[in-house]
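Participant: coords please:
(one chain, ligands or ions: 2)
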Amino acid sequence: MEAMTRKPEAIARMLRDAQTIAICSHVNPDGDTLGSAAAMRLALKKLGKTVSLFCDGKVPDQLAFLPGIGEMSVPTGEEGPFDLMLAVDVSDEKRLGCCAKLLPQCRHTAQIDHHPTNPFFMEENSVDGDAPACCILIREQLAALGIEPDRDMAICLYTGISTDTGNFAFASTNADCFEIMSELMGKGLPLAELNRVLFRERAKPQVLLMGRALNSLQYYEGCRIAVMKLTRRDFDECGALSEHADTLVNFGLDTVGTRMAMLAREGGDGAIKFSLRAKEPDCVSDIAQEFGGGGHPQASGITMYGDLDETVSRVLDAMIRKLNG
Ligand code: 5GP
Ligand code: MN
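Facilitator: Numbers count the residues shown, from 1 in each chain. Ligands and ions are numbered 1, 2, ... in the order given. The predicted structure follows:
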């Protein structure tokens, strides 16, 4: 297999040789894949290219501010032909979703990505599994194209770097992030305004649901285990969707002294969805597996069918056993 390496010069050659370019983001798009696509679009337009943006999924409202992201569409498969497809932040071909339909219509294919598991599914692969965000690699790609980032590109690059590093908080955050940030600030990046939109503002149903979740919070084994429950009624009365509960489990986990946290939410279809979290060195993936779920050591999930209280007490028992085992 090819060594995992950045290839900005090789990608720059392919981009220069192409006139029509389809940039593809991954399914369930996030700030990094959309920031990467939007920044590359702006740069390539400066080079006189005809650029199309594609993604299997809707741009989240929160990211609608990205310059030019309104051009993003879900491909029907009839859009081609294109000289080149460039995938950004797409860890494997499956993550292209329906954008894969465009592959046969693209004369050449290339990708820029930062997932260590990337199987090099394109013709040219510029992949660095140690980069904290794809947008870090996009900054280098702009340099290889001789493009200096402007304010709009700064907005795109900041969005990808800040969201993939948990607002410069994850262990992946490195000196490259701050070097690039220093440059982006010099381009007039509206940091405070974007930080509010990306990391502080929440939709009203989400704030209401947060209240319900905190109200349900119960601690066990001292406060080493934190449990929250959201019923169907909570979602309905808050006008909230399941996704509005996605990060709420962290309120339990972030309690001083808490080692494991659970959030159980009742779905419309009778499914109970569990989010389990742990602080290192504790682990919850084995507990999730015991109930047919899975995930990462410190962040796992389970889907079960049955009564909310009854299923919660079964998973809680397993957590207590694990903690005392
Ligand atoms: P979350 O709690 O954020 O929904 O999910 C955390 C992690 O657990 C994710 O990486 C996800 O892949 C995994 N996960 C969530 N729900 C399920 C599930 O029902 N089954 C399995 N096998 N994994 C899940
Ligand atoms: Mn990413």
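Participant: tally of neighbours for the residue lying closest to residue 91 once chain neighbours are set aside?
Facilitator: Closest residue in space to residue 91, ignoring its immediate chain neighbours: residue 115 at 3.6 Å, by Cβ to Cβ, 6 or more residues apart in numbering. Glycine gets a C-beta too; all of them are placed from N, C-alpha and C. By other Cβ atoms under 10 Å, the residues close to residue 115 number 18.
Participant: are we agreed that residue 115 is in a helix?
Facilitator: No. Read with DSSP: H, G, I helix; E, B strand; the rest coil, residue 115 is coil and lies in no helix.
Participant: is it true that it touches residue 128?
Facilitator: No. Between residue 115 and residue 128 there is no contact under Cβ atoms under 8 Å: 9.7 Å.
Participant: excluding its backbone neighbours, what's nearest residue 131?
Facilitator: Closest to residue 131 by Cβ to Cβ, 6+ apart is residue 114, at 4.0 Å.
Participant: what's the separation between that neighbour and ligand 2?
Facilitator: Per Cβ to the ion, to the nearest Å, residue 114 is found 6 Å from ligand 2.
Participant: for that residue, what are its contacts?
Facilitator: Each residue near residue 114 by Cβ atoms under 8 Å, 6 or more residues apart in numbering is listed here: 89, 127-134, 136-137.
Participant: which of the residues you listed count as buried?
Facilitator: For the contacts of residue 114, a neighbour count by 16 or more other Cβ atoms under 10 Å gives the buried set as 89, 127-128, 131-134, 136-137.
Participant: mind putting these in TSV, distance to ligand 1 included?
Facilitator: Shown next, in TSV, are the buried ones among the contacts of residue 114 (distance: Cβ to the nearest ligand atom, whole Å):
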residue	distance to ligand 1
89	17
127	21
128	22
131	21
132	19
133	18
134	19
136	23
137	23
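Participant: so which of these belong to strands?
Facilitator: Under the assignment DSSP state E, the buried ones among the contacts of residue 114 contribute residue 127 to strands.
Participant: the buried ones among the contacts of residue 114 into a markdown table, with extra columns for pLDDT?
Facilitator: Putting the buried ones among the contacts of residue 114 into a markdown table (pLDDT from 0 to 100) gives the following:
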| residue | pLDDT |
| --- | --- |
| 89 | 98 |
| 127 | 97 |
| 128 | 97 |
| 131 | 96 |
| 132 | 97 |
| 133 | 97 |
| 134 | 98 |
| 136 | 98 |
| 137 | 98 |
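Participant: restricted to helices, list the buried ones among the contacts of residue 114.
Facilitator: Among the buried ones among the contacts of residue 114, DSSP state H puts 134, 136-137 in helices.
Participant: tabulate the residues you listed (CSV), appending distance to residue 270.
Facilitator: Shown next, in CSV, are these (distance: Cβ to Cβ, whole Å):
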residue, distance to residue 270
134, 38
136, 43
137, 43
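Participant: show the overlap between the residues you listed and what lies near ligand 2.
Facilitator: Under the cut-off given by Cβ under 5 Å from the ion, ligand 2 has residue 134 from these close to it.
Participant: helices and strands of this structure: which one bottoms out on pLDDT?
Facilitator: When the helices and strands of the chain are scored by mean pLDDT, DSSP states H and E, strand 294-296 comes last with a mean of 86.
Participant: partner strands of that strand, parallel or antiparallel?
Facilitator: Looking at strand 294-296 with DSSP bridges, its partner strands are strand 299-305 (antiparallel).
Participant: could you give the mean pLDDT of the strand it pairs with?
Facilitator: Averaged over strand 299-305, pLDDT sits at 94.
Participant: so is the helix or strand just after that strand next to ligand 1?
Facilitator: Later in the chain than strand 299-305, the nearest helix or strand by DSSP states H and E is helix 308-324. No. For a cut-off given as Cβ under 6 Å from any ligand atom, helix 308-324 has no contacts with ligand 1; the smallest distance is 12.2 Å.
Participant: which outside residues touch helix 308-324?
Facilitator: Outside helix 308-324, the residues within contact range by Cβ under 8 Å, 6+ apart are 220-221, 224-225, 227, 229, 231, 259-260, 262, 264, 266, 272, 274, 276, 282, 284, 286-287, 290-291, 302, 304.
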